[in-house]
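Q: predicted structure and sequence below. I'll ask about it afterward.
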Amino acid sequence: MGSPRWKRLCLLLLLGLTFSIILYGHYYATLDSSTGPRTASRLLQQEMVRVPPAEIFQGARNHGLTRESVVKSGNPTKESPKQENMNPTKKKSSLCPWSLKSKVKMDPTFGKQFDFDIPVLMWEQRFTPETWDRLKERNVPCGWRGLSYGVIASTVRLLNDSADSRLFAMTGSPDSCIRCAVVGNGGILNGSCQGKEIDAHDFVFRINGAVIKGFEEDVGTKTSFYGFTVNTMKNSLIAYAEYGFTRIPQGKDIRYIFIPSDIRDYLMIKSAVLGIPVPEGNDKGDKPQKYFGSEASVGKFKLLHPEFLHYLTERFLRSEILNTQFGHLYMPSTGALMLLTALHTCDQVSAYGFITENYKKFSDHYYEREKKPLVFYANHDMLLESELWKSLHRVGIMKLYQR
Ligand SMILES: *[C@@H]1O[C@H](CO)[C@@H](O)[C@H](O)[C@H]1NC(C)=O
Ligand SMILES: *[C@@H]1O[C@H](CO)[C@@H](O)[C@H](O)[C@H]1NC(C)=O
């Protein structure tokens, strides 16, 4: 219905409207937010949701270099341990006018849930006798109960490079916002054509069986972080080999985020840093280079802090499964932990391939050739996660890809 001319006119009007909303949002945000936090929040939310692809590309061009390379090739000043103990993301947030932190603060519910001061990563300087005493009382992944002090201590002490203490190196330009895409493996991405948009982000997080070959148009090619537990990583290599997932993403700029769900994760990260085969346990004899490549600088490997996992589980994903006989098996999914990690470290977050309300329309993974229903494991609570993503999207804290 309607002539093409009318359609074009409508499109123009719509575009004009979108831009004025964005401009107004920019203008508004520069005002003191106390003059009208609710309205400002609504406008910012629209900006986040409706940001046209052109603007995302613009941002990507401006930040063509990854921040880590900016710092490496620039002035290699070593930070003092004192500075290191401060939360680096906190300092940055004040410099990014569009940070999700401002949206969190304006939201009555999420404002109470989020704690941006909580340390995200475990590293040498956070391994104190008090930390050991506290965490040894709690089960994995939220603690170290039953794990060997020797293994934990020797592992964490190896993570002594300041790069182990944060996900991103210091920003190159002072007013930049860190834009992150977190890519789950959900069937919703099949035929989505989101690849370019995903790659346009400063950092791209991928998880477990992240098949890229053959799906570049849908999921992009860039990988900045790969998140996993040793268990999910090895299972993915077995289960998704038939779809082409035969190797963990490798490359100079890729960083690995270990989710410590078992002593295996500590043993693997330790062996990876030392460049030796895993000395004991389930993975005895495994060569870390096989998974992570031969370049194994200490800063390449990041370890999530058990305290952070505890906080995420308690505040964001406290499932009723915890009250059942399967309670001891429960933990948030790998994807959920990566997405929440991004939400605590990036200024803007977009989630792709995560569970949506209409998940039944899509296959379990984007690479399956025939539709398979989403598998619900007893140890995860995907419906609770789905509710969380929906709410975070609704209030504009992140953008959830839906269709
Ligand atoms: C980290 O530990 C290793 C091995 O103990 C040591 O050789 C290195 O100098 C340490 N690096 C820093 C930055 O302290
Ligand atoms: C994914 O998309 C392709 C092309 O549209 C289609 O042939 C295939 O059946 C889809 N896979 C699933 C599992 O829906």
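A: Happy to help now that I have it. Ligands and ions are numbered 1, 2, ... in the order given.
Q: run a quick neighbour tally on Pro306.
A: 24 (other CB atoms under 10 Å). For every residue, glycine as well, the C-beta is placed using N, CA and C.
Q: what residue ranges in this structure score low on pLDDT?
A: 1-94, 170-175 (pLDDT under 70).
Q: tell me where the stretch 51-200 of the chain has helices.
A: 53-62, 67-73, 81-85, 88-93, 100-106, 108-113, 129-135, 149-158, 195-199 (DSSP state H, counting those that start in this stretch).
Q: pull up the residues of the stretch 301-403 of the chain that are close to ligand 2.
A: 363, 368-371 (CB under 6 Å from any ligand atom).
Q: show me what contacts the residue in the stretch 201-350 of the chain that ligand 2 sits nearest to?
A: Distances between the stretch 201-350 of the chain and ligand 2 by CB to the nearest ligand atom are smallest at Asp218, namely 8.7 Å. Going by CB atoms under 8 Å, 6 or more residues apart in numbering, Asp218 touches 189-195, 366.
Q: repeat for Ala153
A: Contacts of Ala153 by CB under 8 Å, 6+ apart are 127, 132.
Q: next, count neighbours for the residue nearest to Asn235 when sequence neighbours are not counted.
A: What sits nearest to Asn235 in space, not counting adjacent residues and going by CB to CB, 6 or more residues apart in numbering, is Asn208, at 7.9 Å. Counted with other CB under 10 Å, residues neighbouring Asn208 total 24.
Q: now a PyMOL select for only the buried ones of the contacts of Asp218.
A: Buried residues within these, by 16 or more other CB atoms under 10 Å, are selected in PyMOL with:
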select buried, resi 189+190+192+194+195+366
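Q: with respect to ligand 2, which of the contacts of Asp218 is nearest?
A: Distances from ligand 2 to the contacts of Asp218, taken by CB to the nearest ligand atom, are shortest for Asn190, at 3.7 Å.
Q: please name the nearest non-neighbouring residue to that closest one.
A: Tyr366 (4.2 Å).
Q: next, the contact list for Val298, please.
A: By CB under 8 Å, 6+ apart, Val298 lies in contact with 158-161, 163-164, 273.
Q: of all the residues you listed, which comes closest to Pro141?
A: Of all the contacts of Val298, Leu159 has the smallest distance to Pro141: 16.9 Å, by CB to CB.
Q: quick check, that closest one in contact with Leu303.
A: Yes - using CB atoms under 8 Å as the test, Leu159 is close enough to Leu303 to be in contact (6.2 Å).
Q: picking up where we left off before, top of the residues of the stretch 301-403 of the chain next to ligand 2 by neighbour count?
A: For these, neighbours tallied by other CB under 10 Å; top is Ser363, 19 neighbours.
Q: how distant is stretch 315-324 from the center of its chain?
A: 21 Å (CA atoms, centre = their mean, to the nearest Å).
Q: just the CA atoms of it, as PDB, please.
A: Taking C-alpha atoms only, stretch 315-324 is exported to PDB below (Å, rounded to 0.1, in the frame of the first residue of the first chain):
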ATOM      1  CA  ARG A 315      22.200 -10.000  43.600                       C
ATOM      2  CA  PHE A 316      21.300 -10.800  40.000                       C
ATOM      3  CA  LEU A 317      20.600 -14.500  39.500                       C
ATOM      4  CA  ARG A 318      19.500 -15.900  42.800                       C
ATOM      5  CA  SER A 319      17.600 -18.900  41.400                       C
ATOM      6  CA  GLU A 320      15.100 -21.000  43.200                       C
ATOM      7  CA  ILE A 321      17.100 -24.000  42.100                       C
ATOM      8  CA  LEU A 322      19.300 -23.000  45.100                       C
ATOM      9  CA  ASN A 323      16.600 -24.100  47.400                       C
ATOM     10  CA  THR A 324      16.300 -27.600  45.800                       C
END
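Q: give the buried residues for that stretch.
A: 316-317, 319, 321-322.
Q: and if you look at stretch 103-122?
A: Those would be 103-107, 110, 114, 116, 119-122, for stretch 103-122 by 16+ other CB under 10 Å.
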